[in-house]
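Q: I would like the atomic coordinates for the input below:
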Amino acid sequence: MPPPDQQLLGPLLEIAQAAGRRILEIYATDFSVQQKSDRSPVTAADLAAQEIIVQGLQRLTPDLPVLSEESSHIPFAQRRRWETYWLVDPLDGTKEFINRNGDFTVNIALVQKHAPVVGVVHIPVENSSYYGVVGAGAYRRKIGSVPEAIHVHPLDSGPLRVVASRSHRGELLDGYLAKLGAHATVSRGSALKFCLVAEGAADVYPRLGPTSEWDTAAGHAVLLAAGGQVITVDGSALDYNTKESLLNPYFIAYADNSRDWRSYL
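A: Residues are numbered from 1 along each chain as shown. Okay, here's the model as predicted:
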């Protein structure tokens, strides 16, 4: 019998796919865009996917709390007592959704002791998912096809392959890339950046701009399961639910630790 974390994958994939189908239904309409109090955009797709995911997770693990972008008001005094919980972004890449470029995902992660241990990143427009359990491997599967194991790729002699945010650049990232040497950059949205590193299509994803914990946990888990790492700019592992703020520090996600990725900061 597979360990409990692996047993969760089938139901998690179904929940993510159900949310993805509802997102696509709204994607095909002339949807409206609202602004939240922090001036970030939100659509009916964010809220509908949130409802599907939370209800699905509550049925699957009724004793585990769920933290998401749409429930981020839960105070730290309450969530600091959580040893295991779900961390969800029902629609990661809302700007990509609004711009209709397809680079948005459904992210579901299981976090234990401040680290992501299970992750599902579902891509609605492709009807495919990346998923993994830390210590047990990572996979990509198009619905109806056989899952394909994915692994990070060791560095070779060619130019470095860098994946960067489609919507968020800045002087810090430009400076980092200038020091990196010969490289090719691919711009993608949402948690797909982690997944490109996890499947061996990119070597490094430097994120020297703002993200929140729900943006990163699922992709982080997939990358760890595929053999990669995610560190903050001070060299420590990126962790979760350790402070009042749910904003992440800047970080670097990478495939091969034979290079000091922090030396280009």
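Q: Low-confidence stretches in the stretch 1-150 of the chain?
A: Scanning the stretch 1-150 of the chain for pLDDT under 70 picks out 1-4.
Q: who touches the strand or helix carrying P206?
A: Assigned by DSSP states H and E, P206 falls within strand 204-207. Strand 204-207 has contacts (CB atoms under 8 Å, 6 or more residues apart in numbering) with 160-165, 173, 176-177, 193-194, 196-197, 248, 250-255, 261, 264. Bear in mind the C-beta positions are built from the backbone N, C-alpha and C, glycine included.
Q: Give me the subset of those lying in strands.
A: 160-165, 251-254 (DSSP state E).
Q: Helices of the protein, residue ranges please.
A: According to DSSP state H, the chain carries its helices in the segments 4-7, 9-27, 44-60, 76-79, 94-99, 171-180, 192-198, 213-225.
Q: can those helices go into a markdown table with extra columns for distance to E126 and mean neighbour count?
A: Putting the helices of the chain into a markdown table (distance: least, CB to CB, whole Å; neighbours: other CB atoms under 10 Å) gives the following:
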| stretch | distance to E126 | mean neighbour count |
| --- | --- | --- |
| helix 4-7 | 24 | 14 |
| helix 9-27 | 9 | 19 |
| helix 44-60 | 16 | 19 |
| helix 76-79 | 33 | 11 |
| helix 94-99 | 13 | 20 |
| helix 171-180 | 26 | 14 |
| helix 192-198 | 10 | 28 |
| helix 213-225 | 15 | 29 |
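Q: separation between I123 and P206?
A: 22 Å (CB to CB, to the nearest Å).
Q: N248 touches W214, doesn't it?
A: No. Between N248 and W214 there is no contact under CB atoms under 8 Å: 9.8 Å.
Q: returning to what we had before: just among the ones in strands among the contacts of strand 204-207, which is most surrounded?
A: A253 (26 neighbours; other CB atoms under 10 Å).
Q: I figured that one hits L192, correct?
A: No. With contact defined as CB under 8 Å, A253 does not count as touching L192 (11.9 Å).
Q: Common neighbours of these two, please.
A: In contact with both A253 and L192: G219, using CB under 8 Å, 6+ apart.
Q: hmm, back to that, of the helices of the chain, which approaches V66 most closely?
A: helix 44-60 (5.3 Å; CB to CB).
Q: Return the angle between stretch directions for the closest one and helix 9-27.
A: Angle of helix 44-60 versus helix 9-27, following axes from the mean of the first three to the mean of the last three CA atoms, to 10 degrees, is 160 degrees.
Q: residue contacts, the closest residue to P116 other than its chain neighbours?
A: Setting aside the residues directly before and after it, P116 is nearest to A221 in space (CB to CB, 6 or more residues apart in numbering), at 3.7 Å. Shown in contact with A221 (CB under 8 Å, 6+ apart): 109-110, 116-119, 132-134.
Q: Does L60 touch L13 like I think?
A: No. In this structure, L60 is not within contact of L13 by CB under 8 Å, at 11.6 Å.
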